[in-house]
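Peer 1: Here is the input, now give the coordinates:
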Amino acid sequence: SLHDALPISRVVGGASMQRWLVGVLAAGASASDVANWRSAFETRYDAVILGTGLKESLLAGLLANRGKKVLQLDRNEHYGGAAASLDLSQLYERLGAPGEQPNQKKLGASDSYRVDLAPKVVMAHGAELQLLVHSGAWKHMDWKRVQRSFIYRKAADGKPDVHRVLATVEDVLKTRILTTMQKSAMVRLFTWLEQYEEDNPKTHSVGVVSKTKLNVHRMSAAAFLRFWEVTPEMTHVLVRGMALHDGPMKALKKMPAVVLLRKLKRYKSAYKTFPHMTSPYVYPSKGIGSELPKAVAEVLEEAGGRTLMGRPIDRVLFDESGKACGVVSEGVEVSADCVIADASYVPDKVAPTHQVVRLYALLAHPPHKCKDAMSCQLIIPAEACGRKSDAYLFAGSQPLRLAPSERWIVTVSAKVEGETEGLSAMAIAKRELAAALPLLKPAAKMFAELSDVCEQSESGEESRLFVPATCDASSNMGSAAADVEQLFERITGEALDLDA
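Peer 2: Next up is the predicted model:
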């Protein structure tokens, strides 16, 4: 078990068991449903996980792959929770006007769409990829290449523009956003990056005849960029586009150069993970929101655990010392050494930190200025759109099996920075995501949703109840992966070794 077994004072059996069986059979449950649930609650688990969201599912797979017995329960009949993949009818039911139905003759068959409520592209190198491999989910999913990686900028004339994130010397030589002198500086930097190895000090030197050794552990990221004479224009490409830094740019003054270099190397290395990569990202066919938890369900089954859908959760159980020791579902108790719960299952244990607005657009064209990409991630830096935080755009179409032929699903998201009282989700979306709206016109249909980002009020190490933070606005897996790593260490008391 994860920790020493906790005392369980409540045990269900005998007459209460018979009453429960009669009740669920009367409610229409099949004999196989009853058998599955009965065998499930008769087992003591290392962890019971409530919800099948992205983070909950990754944790379930990581624990199961390390020999832990895991039971994952979801009150919904569909996988994914607040990050599910919906077909078109489900999207209209969730966000459309009452009674509104999709025009399937115009838009295509409802079941040919998979709209991820919180899409997250996966960097094909480093922690994000290894989390999926170590969770066991990777091998059960059909992964596809994301075609393009873009960054939004303001051109010299002040007009908005979209440009590919530069990653190679060839990219630098071909780009139209740099002068000849700027290209020369970037070629030198990218050439040096190709041979740089963090553990090999010989590669930290610059120059052929007169060498300068860079102390990348002591110098700041800002000093490193100054050394290479990186212009503000290219700083955004490197820091926002490649390193995926989403904090204030002034944080570069305190960030060690070695941290920035790890992120830059990860981005460049991701192009080499699989053949024919045209961006550093991959994405699962049919969407990540539902395909990931489905894959983890197979992992749990192989490891002696299980996933059960459509199971109402009455409450989380705590022992006399205040530690979580199981859950109650439809009056039946399940014992566990710890409980991991989506925030919606334990609203009294979390607090909202901010809100995220997401705009879902159905298009008959790729986003404008995105080079006819069939799929892409576009980062809209705060500095380029008059915001305090970045906005994100993810677009997918038929090659990712997210939409029928000649249709695109585009999701634009951002942290809400203005007032929301008295405003509709669509009004908030149009204000917060104004920079992206011209890229979407004309849209066949648009929906908007406002959601709270909630975090646990305490670490969970004392209570043995662990609540992952709800998904943030980013359209990449980075922050979710970092949260999962931290949670895994708090749950098990051991750091997650992704190099093992």
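Peer 1: mind listing what the longest strand along the chain pairs with, with the direction of each?
Peer 2: When the chain is parsed with DSSP state E, its longest strand is strand 350-363. Here strand 350-363 is paired, per DSSP bridges, with strand 408-415 (antiparallel), strand 445-456 (antiparallel).
Peer 1: In its sheet, which strands sit next to the following helix or strand past the longest one, and in what direction?
Peer 2: This points to strand 445-456. Sequence order places strand 465-466 as the next helix or strand after strand 445-456, per DSSP states H and E. Sheet pairing of strand 465-466 (DSSP bridges) gives strand 339-341 (parallel).
Peer 1: what sits up against the strand it pairs with?
Peer 2: Applying C-beta atoms under 8 Å, 6 or more residues apart in numbering, the contact partners of strand 339-341 are 47-51, 56, 59-60, 316, 324-327, 349, 464-468, 487, 491. Every residue, glycine included, has its C-beta placed from N, CA and C.
Peer 1: These in helices, which ones?
Peer 2: Cross-referencing the contacts of strand 339-341 against helices under DSSP state H gives 56, 59-60, 487, 491.
Peer 1: before we move on, the earlier item: to residue 320, which of the strands paired with strand 350-363 lies closest?
Peer 2: Closest to residue 320 of these, according to C-beta to C-beta: strand 445-456, at 22.1 Å.
Peer 1: re the thing from before, of the ones in helices among the contacts of strand 339-341, closest to residue 233?
Peer 2: Taking the ones in helices among the contacts of strand 339-341 together and measuring to residue 233 by C-beta to C-beta, the closest member is residue 487, at 37.7 Å.
Peer 1: Do I have it right that that closest one meets residue 469?
Peer 2: No: the criterion here is C-beta atoms under 8 Å, and residue 487 misses it with residue 469 at 9.1 Å.
Peer 1: still on that earlier bit, report the distance from the helix or strand following the longest strand of the chain to the chain centre.
Peer 2: Later in the chain than strand 350-363, the nearest helix or strand by DSSP H and E is strand 376-380. Centroid separation for strand 376-380 versus its chain: 14 Å, with C-alpha atoms, centre = their mean, to the nearest Å.
Peer 1: same deal with stretch 340-347?
Peer 2: Here stretch 340-347 is found 18 Å from its chain centre; the criterion is C-alpha atoms, centre = their mean.
Peer 1: Any buried residues in that stretch, and which?
Peer 2: Neighbour counts using 16 or more other C-beta atoms under 10 Å place 340-346 of stretch 340-347 among the buried residues.
Peer 1: Next one: the closest residue to residue 131 other than its chain neighbours from residue 59, what distance?
Peer 2: Residue nearest to residue 131 in three dimensions, not counting chain neighbours: residue 481, with 5.3 Å by C-beta to C-beta, 6 or more residues apart in numbering. If you measure residue 481 against residue 59 using C-beta to C-beta, to the nearest Å, the figure is 12 Å.
Peer 1: related to what we said a few turns ago, take the strands paired with strand 350-363 and lay them out in a markdown table including mean pLDDT.
Peer 2: As requested, these are exported to a markdown table (pLDDT from 0 to 100):
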| stretch | mean pLDDT |
| --- | --- |
| strand 408-415 | 98 |
| strand 445-456 | 97 |
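Peer 1: Quickly list what residue 50 is bridged to.
Peer 2: residue 73, residue 341.
Peer 1: So between residue 487 and residue 469, which is more surrounded?
Peer 2: Between residue 487 and residue 469, counting by other C-beta atoms under 10 Å, residue 487 is the more crowded of the two (24 against 18).
Peer 1: mind listing what the more buried one touches?
Peer 2: Residues counted as contacts of residue 487 (C-beta under 8 Å, 6+ apart) are 55, 59, 340, 466, 468.
Peer 1: do the same with residue 177
Peer 2: Counting by C-beta under 8 Å, 6+ apart, residue 177 has contacts 153, 161, 163, 233.
Peer 1: at 10 Å instead, please
Peer 2: Residues counted as contacts of residue 177 (C-beta atoms under 10 Å, 6 or more residues apart in numbering) are 151, 153, 155-156, 161, 163-164, 166, 183, 231, 233-234, 237.
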